[in-house]
Each structure stands twice: as structure tokens, then as C-alpha cells.
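Engineer: Fold the stuff below for me.
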Amino acid sequence: MLALWDLQKSLPIRGALLMAALALGGCSSQLADLTPADAQAHPREPGTYLPVHDLPPDRDQAVITPDQRAKIEAELAAARDRQAVAAKDAK
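Structural biologist: Numbering: from 1, shown residues only. Below you'll find the predicted structure:
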């Protein structure tokens, strides 16, 4: 008897929650189309593929000189060694 009473009380609540979920679910597609006023308009036609075969011209000179590269590698190695010592001391 008690289980039937609980079912009778919870059934209208569950029904109301289901109806609210369905009503709000129907609005979600319309809400997704809304955009802020300052947003740029997106084109409705599908975009084209990026030109993957159009490469920039080769550089005339190296990005960094070998001297600069050696200096940077030495600085990185020194920083790595300092961190290894600091980590060992922290343990």
C-alpha cells in the first residue's frame, strides 16, 4: 500500500519534469541560432579547402645562425642542469 502511494505521488512530478524537459529541448535549436549583436556573420555556403600545395618561397638565409643556435643550446643545457640539481636537493 505504501509503495502504491509513493508511485501515485511521484508520477505527476515525473510527468511535469518530462514535459518541461521536452519543452526546453525544443527551444534549444532556436537558441543555438542566436548570435550576439557584435558577432560577424558566417557565410551560409560551405567553405573551400585551404590551398595546401601553395607553399611560401624558400628563405634566403637561415632562421638563426649556427652561433646563435649553439648559444641557445648551451643556455638550455645549463638551465636543465640547474633544475636537476634543484629537484635533487628538494627531495
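Engineer: rest of the way, CA atoms for contacts and neighbours
Structural biologist: Noted.
Engineer: All the strands of this protein, residue numbers only.
Structural biologist: Ranges of strands in the chain, per DSSP state E: none exist.
Engineer: can you list the weak-confidence ranges in it?
Structural biologist: For the chain, the stretches flagged by pLDDT under 70 are 1-7, 26-39, 41-47.
Engineer: Let me see the ranges of the helices in it.
Structural biologist: Ranges of helices within the chain are 2-32, 66-90, based on DSSP state H.
Engineer: Save those helices as CSV, and put in distance to Asp54 too.
Structural biologist: As requested, those are exported to CSV (distance: least, CA to CA, whole Å):
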stretch, distance to Asp54
helix 2-32, 36
helix 66-90, 29
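Engineer: looking at the ones you listed, which is closest to Pro51?
Structural biologist: Pro51 lies closest to helix 2-32 among the helices of the chain, at 30.9 Å (CA to CA).
Engineer: coming back round to it: quick one: closest of the helices of the chain to His53.
Structural biologist: Nearest to His53, of all the helices of the chain, is helix 66-90, at 30.1 Å by CA to CA.
Engineer: circling back: between the helices of the chain, which gets nearest to Leu55?
Structural biologist: Nearest of the helices of the chain to Leu55, taken as CA to CA: helix 66-90 at 25.4 Å.
Engineer: in that closest one, what's buried?
Structural biologist: Neighbour counts using 16 or more other CA atoms under 10 Å place no residue of helix 66-90 among the buried ones.
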